[in-house]
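Asks: mind looking at a prediction? Sequence and model below.
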Protein chains: 2
Amino acid sequence: MLAARKNPKRSATRLRDPERTRERLLQAAFCEIYRSGFQSAGLDTILASAGVTKGALYYYFKSKQALGYAVVEEVIGPDNYAEWVRPLQSGKDPIDTLIGIVRGISVRPEDVRGGCQLINLAQEMSPLDAGFRKRLAIIFHTWREAVASVLREGQTHGRVRRDVKPADAAGLLIAMVEGYGSLAKNAQDPKVMKAGIRNIVDWLKSLRAPGNRKRG
Amino acid sequence: MLAARKNPKRSATRLRDPERTRERLLQAAFCEIYRSGFQSAGLDTILASAGVTKGALYYYFKSKQALGYAVVEEVIGPDNYAEWVRPLQSGKDPIDTLIGIVRGISVRPEDVRGGCQLINLAQEMSPLDAGFRKRLAIIFHTWREAVASVLREGQTHGRVRRDVKPADAAGLLIAMVEGYGSLAKNAQDPKVMKAGIRNIVDWLKSLRAPGNRKRG
DNA sequence: CTGCCAACATACCAACCAGTATGTATTTTC
DNA sequence: GAAAATACATACTGGTTGGTATGTTGGCAG
């Protein structure tokens, strides 16, 4: 009976719920960091937003830094994976998929104003904290590799131009996305992001192998 | 005698020198902000680095915010102007000039690690402080307009492809530069910036009008 | 029923930080 | 050369911050 006594039927009226408390902390920290950056995000504000107290925070995380690391690994990483990596595994035409993802980037004013959380943290913490830097670098690497590999595969299927260097193109795509994100964040104007998306999409189209053109 | 009594012959042994003190404060603030961001830059650290005391700081600036604004207007703005706008006024082939500027971007490890001060501040302060945002937006606008106008002029001289939209191309160029800057800052690796520069240069070359190709 | 431990809550602290009040030495003005 | 204004230096403060030490409560094992 090795599986016995697992998941001990969570009572609905449970007053303390460890998993939820931790999750709430992560989400609240994510939001506060998104708002004002990691260094300027106050613990008290995070705690108020999460609806818990310092005791809970320091029960689950040994420091503010550890909380930040967890946000990177458990929130920002998975978010980026869901938005960029998973869709690329659909097996469809890589350029079509990439265009779809880029067109799907949010242009809602509040998202444009906030920018991309990944680049926000990378910008702020990379030179200051090696732990942040490495964890964020892993996300960038995963992202880049996912794009590069799908482009490589696209080349073998004759869908992507042969003279395109997958790793370079992937890096350029990410640089464009993040660069426009920053410009739009400063401009606080969805139009800037929309124009950026159009330009990126046009560039993506230019990667198609001849004879594999689509309309639109 | 309307011009009398101007520039009252500064004595060489002057103990107090208002202009220098202010300048030192600006430079020290610039460096500290470059290091740790505006919010996390401590006044005491700035003062120690400038070699003056709080009295001097609050004599010239009414608040830390005002000091930050001055750094944007009097240091970051002119820096960007000198690096991007002035070279474009040489009257030479615009693409050549742009390639020269991009190739001239520093790839020294310490510069790569620190990133671009303009984007650093824009990322950090745009959503938080309208005063910063507007001042930085002006710099971005000047930058973009300078590139766009030189591309437009290049089109009339047959040096730039007619199907290029100057404003869009200028925005894309800036997004690429800043995007790669951020990626390299996170990677802390000059190779990333060097690869970025190559890709940007390749893209710039693709803007040349047919029949106006150069080698290299 | 009881002890025990996980899961928090509360109260507190030392460090830091922007800003100020005040003092003072140097120039400039008359 | 005295008064006034400039150009700072020093000492201090009130508020905030990350972190800790300790208290409390719910739930489960025995």
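Replies: Cool, the structure landed.

Asks: tally of neighbours for the spatially closest residue to residue A:208 that is not a sequence neighbour?
Replies: Nearest non-adjacent residue to residue A:208, counting by C-beta to C-beta, 6 or more residues apart in numbering or on different chains: residue A:95, 5.5 Å away. (Glycine included, C-beta is placed from N, CA and C.) Counted with other C-beta atoms under 10 Å in any protein chain shown, the neighbours of residue A:95 add up to 23.

Asks: next one: residue A:47
Replies: 19.

Asks: anything in the strand or helix carrying it near DNA strand D?
Replies: Element membership for residue A:47 (DSSP states H and E) is helix A:43-50. Yes - on the criterion C-beta under 7 Å from any atom of the strand, helix A:43-50 is in touch with DNA strand D at A:43-45.

Asks: if we can go back for a sec, assign the residue nearest to residue A:208 to helix, strand or coil.
Replies: Using DSSP: H, G, I helix; E, B strand; the rest coil, the structure places residue A:95 in helix.

Asks: which ones are touching it?
Replies: Neighbouring residues of residue A:95 by C-beta atoms under 8 Å, 6 or more residues apart in numbering or on different chains: A:154, A:159-160, A:204-205, A:207-208.

Asks: make a markdown table out of these and add distance to residue B:174, secondary structure and pLDDT.
Replies: Shown next, in a markdown table, are those (distance: C-beta to C-beta, whole Å; DSSP: H, G, I helix; E, B strand; the rest coil; pLDDT from 0 to 100):
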| residue | distance to residue B:174 | secondary structure | pLDDT |
| --- | --- | --- | --- |
| A:154 | 29 | helix | 98 |
| A:159 | 30 | coil | 98 |
| A:160 | 27 | strand | 98 |
| A:204 | 19 | helix | 98 |
| A:205 | 21 | helix | 98 |
| A:207 | 22 | coil | 98 |
| A:208 | 26 | strand | 98 |
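
Asks: just give me the closest of those to DNA strand C.
Replies: The nearest member of these to DNA strand C, counting by C-beta to the nearest atom of the strand, is residue A:204 at 43.6 Å.

Asks: give me the mean pLDDT for whichever strand or helix holds residue A:65.
Replies: Element membership for residue A:65, per DSSP H and E: helix A:64-71. Mean per-residue pLDDT for helix A:64-71: 98.

Asks: does it reach DNA strand C?
Replies: No - Helix A:64-71 does not reach DNA strand C (C-beta under 7 Å from any atom of the strand); its nearest approach is 13.4 Å.

Asks: quick revisit: filter the contacts of residue A:95 to the buried ones?
Replies: A:154, A:159-160, A:204, A:207-208 (16 or more other C-beta atoms under 10 Å in any protein chain shown).

Asks: residue A:198: how many residues sit nearby?
Replies: Residue A:198: 13 neighbours (other C-beta under 10 Å).

Asks: returning to that earlier point: which of the buried ones among the contacts of residue A:95 lies closest to DNA strand D?
Replies: Of all the buried ones among the contacts of residue A:95, DNA strand D sits closest to residue A:204, with 40.6 Å by C-beta to the nearest atom of the strand.

Asks: gap between the closest one and residue B:121?
Replies: 31 Å (C-beta to C-beta, to the nearest Å).

Asks: residue A:137 too?
Replies: For residue A:137, the distance to residue B:121 - C-beta to C-beta - is 23 Å.

Asks: same check on residue A:132?
Replies: For residue A:132 relative to residue B:121 (C-beta to C-beta), the value is 19 Å.

Asks: can you check residue A:185 too?
Replies: Taking C-beta to C-beta, one finds residue A:185 at 12 Å from residue B:121.

Asks: residues in chain A within reach of DNA strand C, list them.
Replies: Residues of chain A lying near DNA strand C (C-beta under 7 Å from any atom of the strand): A:16-18, A:21, A:52-56, A:59.

Asks: repeat that with 6 Å
Replies: When proximity is defined by C-beta under 6 Å from any atom of the strand, chain A lies next to DNA strand C at A:16, A:18, A:21, A:52-56, A:59.

Asks: tell me the contacts of the residue nearest in space to the middle of chain A?
Replies: Centroid-nearest residue in chain A: residue A:80, 2.8 Å away (criterion: C-alpha atoms, centre = their mean). By C-beta under 8 Å, 6+ apart, the contact set of residue A:80 is A:118, A:139, A:142-143.

Asks: nearest to DNA strand D, of the residues you listed?
Replies: residue A:118 (21.0 Å).

Asks: for residue A:188, see how far away the closest one is.
Replies: Counting by C-beta to C-beta, the gap from residue A:118 to residue A:188 is 19 Å.

Asks: which element is the residue nearest to the centre of chain A on?
Replies: Per DSSP H and E: helix A:77-80 holds residue A:80.

Asks: how about the helix or strand just after that helix: buried residues?
Replies: Heading C-terminal from helix A:77-80, the first helix or strand you meet, by DSSP H and E, is helix A:86-88. By 16+ other C-beta under 10 Å, the buried positions in helix A:86-88 come out as A:87-88.

Asks: state the number of residues packed around residue A:27.
Replies: Counted with other C-beta under 10 Å, residue A:27 comes out at 15.

Asks: other SSEs contacting the helix or strand harbouring residue A:177?
Replies: Counting by DSSP H and E, the element that carries residue A:177 is helix A:166-187. Applying 3 or more C-beta pairs under 8 Å, 6 or more residues apart in numbering or on different chains; DSSP states H and E, we find helix A:166-187 packed against helix A:109-114, helix A:117-125, helix A:130-156, helix A:190-205, helix B:117-125, helix B:130-156, helix B:166-187, helix B:190-205.

Asks: alpha carbons of that helix, as CSV, please.
Replies: Extracted as CSV, the C-alpha positions of helix A:166-187 are listed here (Å, rounded to 0.1, in the frame of the first residue of the first chain):
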residue,chain,number,x,y,z
PRO,A,166,18.7,30.1,-36.5
ALA,A,167,20.5,31.1,-33.4
ASP,A,168,21.1,34.7,-34.7
ALA,A,169,17.5,35.0,-35.9
ALA,A,170,16.2,33.8,-32.6
GLY,A,171,18.3,36.3,-30.7
LEU,A,172,17.3,39.1,-33.0
LEU,A,173,13.6,38.3,-32.6
ILE,A,174,13.9,38.4,-28.8
ALA,A,175,15.9,41.6,-29.0
MET,A,176,13.2,43.2,-31.1
VAL,A,177,10.4,42.0,-28.9
GLU,A,178,12.1,43.3,-25.7
GLY,A,179,13.3,46.4,-27.3
TYR,A,180,9.9,47.4,-28.6
GLY,A,181,8.5,46.5,-25.2
SER,A,182,10.8,48.9,-23.5
LEU,A,183,10.1,51.7,-26.0
ALA,A,184,6.3,51.2,-25.7
LYS,A,185,6.7,51.1,-21.9
ASN,A,186,8.4,54.5,-22.0
ALA,A,187,5.9,55.9,-24.5
